[in-house]
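Colleague: Coordinates only, no sequence provided:
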Ligand code: NCD
């Protein structure tokens with residue numbers, strides 16, 4: 001692996017990363033959370049969009065691996081003075097950094113940066129395109145909930161996951177729709193017509209899509225992943241009002257009761273409680289929301305280690321993007 005730009009990867013590669021994340025996860029139980037693997041390496045977090053958990057967990061991941069981590073945000077950097085992404089990237093690369101983690105509002109920006117700077121690039125979310133580490137951490141948290149400490153080596157075979165909400169604008173949905181089926185899961189995308197990808201039915205992502213959340217709940221899915229309505233990305237589509245959205249697509253207390261105790265409740269955050277998810281659902285025992293956040297550190301440690309550790313076999317193989 002040279003870069004991590006997409007969640008589209010073979011099953012074996014995904015399981016290898018999840019297993020490496022299991023190794024990293026053990027550090028959570030230690031008092032001294034520090035491994036020497038990336039000592040002397042420098043990672044820049046280049047964030048052109050707001051972020052709480054993704055940016056801080058990449059920072060924690062880098063620091064727990066002993067890398068030097070520098071945060072550069074769009075606001076407050078020369079990008080706000082009109083500097084192009086290419087010039088910003090080349091400037092950072094010229095300082096001798098070893099890897100760049102980038103979040104951008106522009107779909108495809110991380111792939112361009114990867115071509116320009118000749119250093120490993122990790123996509124931390126690009127526009128409405130992809131968010132591969134989010135999909136990996138979702139898979140990690142779900143696999144752990146299902147298999148516990150015996151998760152290593154396993155996929156998500158036969159696990160039925162419904163992803164509910166603003167699918168069309170969600171890089172989280174897109175990356176999960178690529179990764180989870182590779183691990184053997186069955187994914188259903190659920191949302192109002194305006195939020196489903198064009199041509200609902202078997203969508204271009206190759207997974208099932210439907211507008212009927214209640215029918216999906218009646219099928220008793222193994223996991224229900226709620227997404228935030230991304231008001232900042234709406235482009236004039238006829239979107240439902242908050243009241244309509246809650247009636248049709250929110251995980252309300254009433255739907256929670258119908259869902260049963262077995263289904264895990266997931267959300268990548270940030271949540272809008274009372275809109276896409278009720279507070280009772282967010283705080284239920286079945287909720288994996290904070291486990292997903294914890295998993296984010298372990299998965300991002302695994303990704304940084306794979307890309308940057310000199311003793312990792314894939315770091316110099318010029319392999320997949
Ligand atoms: C998501 C994102 O930014 O893509 N959040 C995250 O990274 N955990 C989803 C969102 O903004 O709703």
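Modeller: Sure, I can see it. Computed from a predicted structure; not experimentally measured.
Colleague: rest of the way, CA atoms for contacts and neighbours
Modeller: Fine.
Colleague: what bits of the protein have low per-residue confidence?
Modeller: Low-confidence segments of the chain, defined by pLDDT under 70: 199-203, 233-238, 311-321.
Colleague: And the strands in it?
Modeller: For the chain, applying DSSP state E gives strands covering 42-47, 68-73, 99-104, 121-126, 160-164, 186-190, 208-210, 223-226, 264-266.
Colleague: just those: most buried one?
Modeller: Across the strands of the chain, averaging neighbours per residue (mean count of other C-alpha atoms under 10 Å) puts strand 121-126 on top, at a mean of 27.
Colleague: what distance separates it from the centre of its chain?
Modeller: 10 Å (C-alpha atoms, centre = their mean, to the nearest Å).
Colleague: Same check on stretch 125-142?
Modeller: Using C-alpha atoms, centre = their mean, the offset of stretch 125-142 from its chain centre is 2 Å.
Colleague: Please apply the same query to stretch 139-146.
Modeller: 14 Å.
Colleague: Run through who's touching it.
Modeller: 18, 21, 151, 154-156, 180, 264, 288, 291-292, 295, 299 (C-alpha atoms under 8 Å, 6 or more residues apart in numbering).
Colleague: Tell me the buried residues in that stretch?
Modeller: 139-144 (16 or more other C-alpha atoms under 10 Å).
Colleague: Among those, which pair sits farthest apart?
Modeller: Spatial extent of these (C-alpha to C-alpha) is set by the pair 139 and 144 at 8.4 Å.
Colleague: Tell me what residue 72 is bridged to.
Modeller: Bridge pairing for residue 72 (DSSP bridges) gives the partners residue 46.
Colleague: hmm, back to that, buried members of the contacts of stretch 139-146 into PyMOL, please.
Modeller: In PyMOL, this line selects whichever of those come out buried by 16+ other C-alpha under 10 Å:
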select buried, resi 18+21+151+154+155+156+180+264+288+291+292+295+299
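Colleague: Now tabulate the contacts of stretch 139-146 in CSV and tack on distance to the ligand.
Modeller: Below are the contacts of stretch 139-146 laid out as CSV (distance: C-alpha to the nearest ligand atom, whole Å):
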residue, distance to the ligand
18, 18
21, 18
151, 23
154, 24
155, 22
156, 21
180, 17
264, 17
288, 13
291, 12
292, 9
295, 12
299, 13
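Colleague: Out of the contacts of stretch 139-146, the closest to residue 121 would be?
Modeller: residue 299 (15.5 Å).
Colleague: Does that closest one touch residue 137 like I think?
Modeller: Yes - using C-alpha atoms under 8 Å, residue 299 makes contact with residue 137 at a distance of 5.8 Å.
Colleague: Okay, helices next: where are they in the stretch 101-250 of the chain?
Modeller: For the stretch 101-250 of the chain, the helices defined by DSSP state H, counting those that start in this stretch occupy 109-117, 132-147, 171-182, 213-218, 242-249.
Colleague: My read is that residue 157 contacts residue 187, right?
Modeller: No - the pair residue 157 / residue 187 is not scored as a contact, 11.3 Å apart, by C-alpha under 8 Å.
Colleague: Spit out the contact partners of the residue in the stretch 101-250 of the chain positioned nearest to the ligand.
Modeller: Of all residues in the stretch 101-250 of the chain, residue 228 sits closest to the ligand, at 4.6 Å by C-alpha to the nearest ligand atom. By C-alpha under 8 Å, 6+ apart, residue 228 lies in contact with 165-166, 269-272, 276.
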